[in-house]
Every structure is written in C-alpha cells, then in structure tokens.
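> My questions concern the predicted model and sequence given below.
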Amino acid sequence: MGLFKNYVSQTRKPEGKLGKMMLNGMNSGHAKMADWGLSHLKTVALETIVDLGCGGGRNIGELLKKYPAAKGTAIDYSELSVKTASEYNKDLIAAGRLAIKQGNVSTLELPDNTYDLATAFETIYFWPGLETCFAEVARILKSGGYFMIVNESDGTDPGSLKFEKIIDGMRCYTAEQISGALKAAGFSKVKSDHHSSKPWITVLAKK
C-alpha cells in the first residue's frame, strides 16, 4: 500500500522516478478523456492558449494542432512536469509556438486579458481554492475568452472518491460545484457535459 500510495500521490506534484512514470502514464492513459474534452471546442480562429497544470504536455500539443495559427503557454507546479512537457513538445518550442513555465494557479505570473482560451485537464482536484484560482484564470483571459475544465471524475464516482481518501490534498468536484465556483469568480456563461457511459465531465465557461 505504501508504494501504491506514493505512486498515485505523484498526480499532485510529480517528482523523481515515480513522477516520471506518472507523467508518461498521464499522456497515454488520459488521451481518450482529453480528446473527448477537446471535442467540445469549436474550430475557430484563436491567437493565444494557456494550459494550466499541463502535466506531461500532451494536451497543449493537441490544442496547438487543433488551432495551427495559435501560440501557447503551458504552466505546471511541478518542475519535473515542466521538463517532461518541454521534451514532449520540443518542436513546438523550437518553432516559437509554445512556452512552458513553472507556476502556481493561485498566483499566475501572466498578464491580464491575454488569452483566448484556458484549459485545465485532470488538475483542479489539487487547486488551492477554486474561486481564487478561477478568478486568476478570468484575469488572464480576454473578454469573451473561454475556460475549459475536463475531469475524469464527476465528483460522485466511487473510484475517484477512493483516491480522494488516499491522495493528500485531492478533492473531487461535481459539475454543479465547479459551475458555481466559476460564476462566483466572474464567468458569465457556464455549461457542462457528462459523458454518456463514463464519469467524465467537461465544463466550459465564458468570461
């Protein structure tokens, strides 16, 4: 149980060999869920995208494929995540389309009114206060910009609630709880979708 707990706890802030294993697993293991979330986004012209809690870096790469005219920024609390995501997306970085930085979602060192789209895949479970962090996201978004959250857990599924008890600092949220926090943080329109057969949820909010 000790090794298992140490491994799954790497989802919060990956470090060391176990963290590297976790990040590689995230890129492959969460791909279907992430792509389901991405299917909710319209193919429109975007200039700037930020992925918060970028993990292994796969999703920001997919976003920049979906929006080939856009430039991206990826942020993660973990130094190892930044390194891994940078290796994964080295071509995009070399092309000048992507910057990956270490940072904290509660105090983002990013300019106001900058991004057309912000995303958060499988990460808000660990954010230190949803309303505070969501207000930071609203600050960096342009007027009319969108924030998309994609979670594997709908906040009620037994599997995720089991991990919530094992992993320190983890909290699962329902779509209703997320929507409420988004509105309290200043987002004007919020809609959510639940996967037809899995506990996956996507919440899309407009500033």
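Cool, got the structure.

> wouldn't Trp49 be in contact with Leu117 here?
Slight slip there: residue 49 is Ile, not Trp. Yes - judged on C-beta atoms under 8 Å, Ile49 makes contact with Leu117 at a distance of 4.8 Å. To be clear about C-beta, it is placed using only N, CA and C from the backbone, and glycine gets the same treatment.

> Overlap of the contact sets of these two?
Common neighbours of Ile49 and Leu117 (criterion: C-beta atoms under 8 Å, 6 or more residues apart in numbering): Leu63.

> And what about the residue nearest to the spatial centre of the chain, helix, strand or coil?
Centroid check for the chain by C-alpha atoms, centre = their mean gives Ala120 as the closest residue, at 2.0 Å. Secondary structure state of Ala120, per DSSP: H, G, I helix; E, B strand; the rest coil, is strand.

> Which residues does it form beta bridges with?
When bridges are called by DSSP bridges, Ala120 pairs up with Ile149.

> any idea of the pLDDT on it?
Looking at Ala120, its pLDDT reads 98.

> from what I can see it touches Val50, true?
No - using C-beta under 8 Å, Ala120 is not in contact with Val50, being 9.6 Å away.

> what about the helices in the protein?
2-8, 16-29, 31-38, 58-66, 79-88, 90-94, 130-140, 158-166, 175-184 (DSSP state H).

> Switch those helices over to JSON lines; also include distance to Gly103.
Below are these laid out as JSON lines (distance: least, C-beta to C-beta, whole Å):
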{"stretch": "helix 2-8", "distance to Gly103": "24"}
{"stretch": "helix 16-29", "distance to Gly103": "17"}
{"stretch": "helix 31-38", "distance to Gly103": "21"}
{"stretch": "helix 58-66", "distance to Gly103": "14"}
{"stretch": "helix 79-88", "distance to Gly103": "9"}
{"stretch": "helix 90-94", "distance to Gly103": "17"}
{"stretch": "helix 130-140", "distance to Gly103": "10"}
{"stretch": "helix 158-166", "distance to Gly103": "25"}
{"stretch": "helix 175-184", "distance to Gly103": "20"}
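
> Lowest mean pLDDT across these, which one is that?
Minimum mean pLDDT among those: helix 2-8, a mean of 45.

> what's the closest non-adjacent residue to Thr73?
Nearest non-adjacent residue to Thr73, counting by C-beta to C-beta, 6 or more residues apart in numbering: Val50, 4.5 Å away.

> any idea how far that neighbour is from Glu136?
Counting by C-beta to C-beta, to the nearest Å, the separation of Val50 from Glu136 is 11 Å.

> go on, Ala31?
Counting by C-beta to C-beta - Ala31 and Glu136 are separated by 27 Å.

> residues in contact with the residue nearest to the centre of the chain?
So Ala120 contacts Asp51, Leu52, Gly53, Val137, Phe147, Met148, Ile149, Val150 (C-beta under 8 Å, 6+ apart).

> Go again with 10 Å.
37, 50-54, 59, 75, 105, 127, 133-134, 137, 147-151, 203 (C-beta atoms under 10 Å, 6 or more residues apart in numbering).

> go on, Tyr67?
Tyr67 touches Leu41, Thr43, Val44, Ala45, Leu46, Glu47, Thr48, Ile49, Asp116, Leu117, counting by C-beta under 10 Å, 6+ apart.
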